[in-house]
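K.L.:
Turn this into a structure:
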Amino acid sequence: MKLTPLETLNAIAQVIYDKKGFNILALDVQGLSNITDYLIIAEGNVDRHVTSIAKAIVEEMEERGQTPVHVEGLRTGDWVVIDYSDIMIHLFMPGLRVRYSLERLWGESKIVDLEIDVSKPAVGESKR
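P.N.:
Got it, this is the predicted structure:
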C-alpha cells in the first residue's frame, strides 16, 4: 500500500527525530518547484550523525517499499540530500544549514504540520 505524501513526510520526520536529529521542517513547494513537491530540512550534530540519520531514512523507506532516486553527500556528511522525486530531504550540519538557508529560498512555500511521536524514547534512550 502506497503512503500518502503526508504519511511519508511523517515517517521520515519520525526517523529523524528518533535518531536525535533536530530543527525538522517540512515545506510544501508544489507549484514553486519543478523538481519536487515537498522538502524536509533537518540537522544533525556532526557529519557522522547526519550520515547516520540519512542511512536510517533510506532503510526505513526501503522497508516501506520506496527507494530513493538519488542520494548525495554520504561520503562527507556535512550536507546529505535524499531524493524520492516527490519528496527531497536535506540533512545538514548546523553551520551549513544557516549558510545555505533553504527555508528562505522557498520563502513562499507552506509549512507542513508534521506529526512526530515524542512520547516514545529516541534511539539509545530509556523511557523514564
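K.L.:
Name the residues of the host helix or strand of residue 90 that are buried.
P.N.:
Per DSSP states H and E, residue 90 falls inside strand 87-92. Using 16 or more other Cβ atoms under 10 Å as the test for burial, strand 87-92 gives 87, 88, 89, 90, 91, 92. In this view, the C-beta of every residue, glycine as well, is placed from N, C-alpha and C.
K.L.:
partners of the fourth one in the sheet?
P.N.:
Going back to what we said before, that points to residue 90. residue 41, residue 81 (DSSP bridges).
K.L.:
Now residue 66. Nearest residue, chain neighbours left out?
P.N.:
residue 84 (6.1 Å; Cβ to Cβ, 6 or more residues apart in numbering).
K.L.:
List the contacts of that neighbour.
P.N.:
By Cβ atoms under 8 Å, 6 or more residues apart in numbering, the contact set of residue 84 is 8, 61, 66, 68, 69.
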